[in-house]
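Peer 1: No sequence on hand, only this structure:
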């Protein structure tokens, strides 16, 4: 084959899309042609970039793909009419095959990027629904934080709580069932013989936060009660969830 014929096969050769006899001729040609060797290296680098979905695509990715393809073909001179059967027997263009493979890799790469973007959107929506969740999870992961639990025998759930080193406490109350209209959950802290209201939580609480002193010093336990809205100064009900600080 001539240099131009081999040049047309380089894209397909880089993607292992040539027949064995063509591969042998291309490899023999590459031994003596530095320009073609460089073009094959470019093709393979582009394919490797397309196959990697772990990071954002390089800014010049499409320019490199376009630059690695054959230039525009020369002006078409009409030749003799070829029968439809003869057209069917013609072998497909190697350049067309290379472009098709590169396009498939690009679609796969973009699919991975779209999936990652969808996941980030889901995480953002979850954070908007539960604005305390990022801070709560950060406090849970802090080895210096103080962790505690509130157990609910009535609802058969265990609620997680944590006190961050800066003195902010968080309790995840999402496991509690929603109350009926006109009812509200209320959070209390036991300090000595006093039961101090730490907040009215509404009928369907999520993650809440409140200030405490240091690692919780001043509170020996926390409790949640079911009260008539909008809450009470002194509760007369048994807690629906209770937990002591160790």
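Peer 2: Good, I have the coordinates. Everything quoted here is computed from the prediction, not taken from an experiment.
Peer 1: Got the domain ranges for the protein?
Peer 2: For the chain, the structural domains run 3-128, 134-244, going by automatic domain parsing.
Peer 1: Comparing those domains by mean pLDDT, which bottoms out?
Peer 2: Confidence, taken as mean pLDDT, is least for domain 3-128 of those (a mean of 66).
Peer 1: On the three-state scheme, the closest residue in space to residue 136 that isn't next to it in sequence is what?
Peer 2: Among residues not flanking residue 136 along the chain, residue 170 sits closest, at 4.3 Å (C-beta to C-beta, 6 or more residues apart in numbering). No exception for glycine: its C-beta is placed from N, CA and C like everyone else's. Classification of residue 170 using DSSP: H, G, I helix; E, B strand; the rest coil returns strand.
Peer 1: likewise residue 225?
Peer 2: Using three-state DSSP, the secondary structure recorded for residue 225 is strand.
Peer 1: Now do the same contact list for it.
Peer 2: By C-beta atoms under 8 Å, 6 or more residues apart in numbering, residue 225 lies in contact with 185-186, 188, 235, 237-240.
Peer 1: which of those lies closest to residue 44?
Peer 2: residue 185 (61.9 Å; C-beta to C-beta).
Peer 1: Now do the contacts for the nearest residue to that closest one once chain neighbours are set aside.
Peer 2: Closest residue in space to residue 185, ignoring its immediate chain neighbours: residue 201 at 4.1 Å, by C-beta to C-beta, 6+ apart. Applying C-beta under 8 Å, 6+ apart, we find residue 201 in contact with 173, 184-187, 208, 224.
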